[in-house]
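Trainee: Mind looking at a prediction? Sequence and model below.
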Amino acid sequence: MFIDVKPILSGLTDTIEFDYKLPPPESFNGLEFSEEITVRGKIKNMAGYMTLEAFASVPYKTACARCTKELSRVFEHEFSRTLATKLQNDENDEYLMITESRVDLDTPLLEEIVMNFDFVYYCKEDCKGLCPKCGHDLNEGDCGCANKKEIDPRLAILAKLLDK
Ligand SMILES: [Zn+2]
Ligand SMILES: [Zn+2]
């Protein structure tokens, strides 16, 4: 959304509050976004400059990297910037540009949200994962595979020969 900062520029108010929904980003890194992002916050006049503070709640779905269980979670992100009308360096990420009395919050906010997602998620810190042999979810108990003695096939052949 473009936020109009004219009320502050013209001295009508010192604070502009906003609260809106933002379409979620495309899926990436096994993360899925099926619900809108909630963005709320305010722009404040700090006598000579303006600051913007925003909080974004991003619902997402992914799978546990160890046991593949589906996870539905909400990522909370805090975003703050100083607003600037003129910039010597356009690449400066610490400022949000005011263009024609408006600020584009969505583009930099989405960029920052995407950058702050992790690459892997676990259903819990100590998720035991799946048994590599039978695929059993080890969080639900032991499948017994780890206790079964594996006989080396070469030794099995040797044992057969010795049996004769
Ligand atoms: Zn897990
Ligand atoms: Zn197993």
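Mentor: Now that the structure is in, tell me what you want to look at. Numbering: from 1, shown residues only. Ligands and ions are numbered 1, 2, ... in the order given.

Trainee: what separates Asn45 from Asp137, distance-wise?
Mentor: 55 Å (CB to CB, to the nearest Å). C-beta coordinates here come from the backbone N, C-alpha and C atoms, glycine included.

Trainee: can you dump the C-alpha coordinates of the one helix or strand in the chain whose mean pLDDT sits lowest into CSV?
Mentor: The weakest-scoring helix or strand in the chain, judged by mean pLDDT, DSSP states H and E, is helix 153-163 (a mean of 76). What follows is helix 153-163, C-alpha atoms only, in CSV (Å, rounded to 0.1, in the frame of the first residue of the first chain):
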residue,chain,number,x,y,z
PRO,A,153,25.9,-60.0,3.7
ARG,A,154,29.5,-61.1,3.1
LEU,A,155,29.5,-62.7,6.6
ALA,A,156,26.2,-64.3,5.9
ILE,A,157,27.7,-66.1,2.9
LEU,A,158,30.7,-67.1,5.0
ALA,A,159,28.4,-68.5,7.7
LYS,A,160,26.5,-70.6,5.0
LEU,A,161,29.8,-72.0,3.7
LEU,A,162,30.9,-72.8,7.3
ASP,A,163,27.6,-74.6,7.9
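
Trainee: Let me know the secondary structure of the residue most central in space within the chain.
Mentor: Ranked by distance to the mean C-alpha position of the chain (CA atoms, centre = their mean), the top residue is Phe117 at 3.2 Å. The three-state label given to Phe117 by DSSP: H, G, I helix; E, B strand; the rest coil is coil.

Trainee: Does Tyr60 fall in a helix, a strand, or a coil region?
Mentor: strand.

Trainee: residues contacting it?
Mentor: Neighbouring residues of Tyr60 by CB atoms under 8 Å, 6 or more residues apart in numbering: 31-33, 72-75, 117.
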